[in-house]
Structure formats: C-alpha cells, structure tokens
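Trainee: Have a look at this prediction, sequence included:
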Amino acid sequence: MTGPRTRSILRAVSTVLIVAGVLMLVDAALTVAWQEPVTGLIAKLRQQQLGDDLDKLERAGPTPVERRALARLRTDRQRVAFLARSLRRRLHDGDAAGRIRIRKIGANFVIVKGTDPTALRKGPGIYDHTPFPGARGTTGIAGHRTTYLAPFRHIDQLKPGDDIEIDMPYATFHYRVQHRQIVTPDSIWIIRRMPYDRLVLSACHPLYSAAKRIVVLARLASVQQRLNSLKR
C-alpha cells in the first residue's frame, strides 16, 4: 500500500509530466506551423543588430583605398565586381553582408558572410567558396527552414520567373528563378560557374531532416548600382 506522502509525490510527478508533454506538443505545433520559437527569438535579436551593422556599412561607402582603385576602372560593371570582391575580403564570418528579399514567400533577412553553424544562426549565409553578387560566377546562399527564424522555410514554393532580390552595399541584384531541385548534401555541382551569373539558394530537405537539400537556381536579370558606392 502507498501512503498519503507517496501518493502526493506521484501526483506531483504526474502533473509535471503532463505539463511537460503539453508544452512539448505546443512547441512541436509552433514548429510545424511556423518555426521553433526559442531559436526564432534569438535570431530575431541578431537580425536587428545585423540590420544596424548593415546600415553602418552602407553609410560608410568604399574605403579610401577602394576609391583610388575605382578611379582606375572604366565601367560600372567593373566597379561593382571590384567592390564585391573587396567587401568579401574585408568581412569576417558572421558579419552582415547584404539583404535578401523574396516577396513571393514574404522573406526579408539580412544575409551574412559564411555558412558555419554560428553564422547561420544569425541569418542566411553566403557560401565560403562562392563570390558575392556582382563578381562573376555563382553565388550560393544557405539558410535554415525550421529554426532561427526559418528564413528559407518556404523556398519550396518558388517557381520559374519568381523574383529574388539581393541588396548589397554597392548594388541591388534581381534574379529570376529558373527551377528548384532536390539534391544530395555532397552535390557541389550546384555552385559551379556558368556562362552567366547565377544565384543558388539551399536548405535542408525534407523539413526536420538533413538527409537531402532543396536548391533554387536563379539567373541574374538586372543590376542597379548604388551611385554613392561608385563615385570616383
């Protein structure tokens, strides 16, 4: 037989387990319907700080050394490419680099340099071995789908012709989606250089799994230079 004290302890433990189970279900429901709430809050705070950092970067403009180099270049295209390469060298992993806007899925996030776990907790990150937009080649950007604000949660909804805007301190780039595809994690061919400038978005697939990757391939459609960044 169990005494009153034992029954009281059992009821307390049972209550704790029930409450814990309910909280887990609520958390799971939030994750399925939206995103993991704790990491979402952390990422939101980091995005706010990154937004301030990006504003400062844009206001600062090219460095004196960059301005002297820009004066020797003949075309805006060359100047944009130079600034893209220069900014990539100056930034550290996790630093604010630009902003991605995908109106089709309501995405608007500061992007950072690098794709290590620490960088991706702040926001979408530019692959280490790909150029910044404006330099020739394929730019790769990775992002989470279920945690840390889940910036790429809905990239599976993108279709050919949809617009992806990348706003960098030196220029704004518009890409048109070509297609999306499911690939294995070791499919490095997705970032190979093409005859045209391309953007690749990638994220884990399916949701809550890292077994594969969903990638969205997009082709550069237009470039709008920031005149303040191109002044000689």
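Mentor: That came through fine.
Trainee: And the strands in this protein?
Mentor: 96-102, 107-113, 125-126, 138-142, 163-168, 171-183, 198-205, 212-225 (DSSP state E).
Trainee: Is it possible to get those strands out as a markdown table so that each row also shows distance to R79?
Mentor: Heads up, the C-betas are built off the backbone N, CA and C, glycines and all. Putting the strands of the chain into a markdown table (distance: least, CB to CB, whole Å) gives the following:
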| stretch | distance to R79 |
| --- | --- |
| strand 96-102 | 17 |
| strand 107-113 | 21 |
| strand 125-126 | 20 |
| strand 138-142 | 18 |
| strand 163-168 | 13 |
| strand 171-183 | 9 |
| strand 198-205 | 20 |
| strand 212-225 | 8 |
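Trainee: In the chain, which residue is most central in space?
Mentor: Nearest to the geometric centre of the chain sits P124, at 1.4 Å (CA atoms, centre = their mean).
Trainee: For that one, give me its contacts.
Mentor: Residues near P124 by CB atoms under 8 Å, 6 or more residues apart in numbering: 100, 109, 111-112, 141-143, 151-152, 201.
Trainee: Any buried residues in stretch 82-95, and which?
Mentor: 82-84, 86-88, 91, 94-95 (16 or more other CB atoms under 10 Å).
Trainee: Between those, which sits nearest D162?
Mentor: Among the buried residues of stretch 82-95, A84 lies closest to D162 (CB to CB), at 23.6 Å.
Trainee: returning to what we had before: just to be sure, which of the buried residues of stretch 82-95 are found in helices?
Mentor: Counted as lying in helices by DSSP state H, out of the buried residues of stretch 82-95, are 82-84, 86-88.
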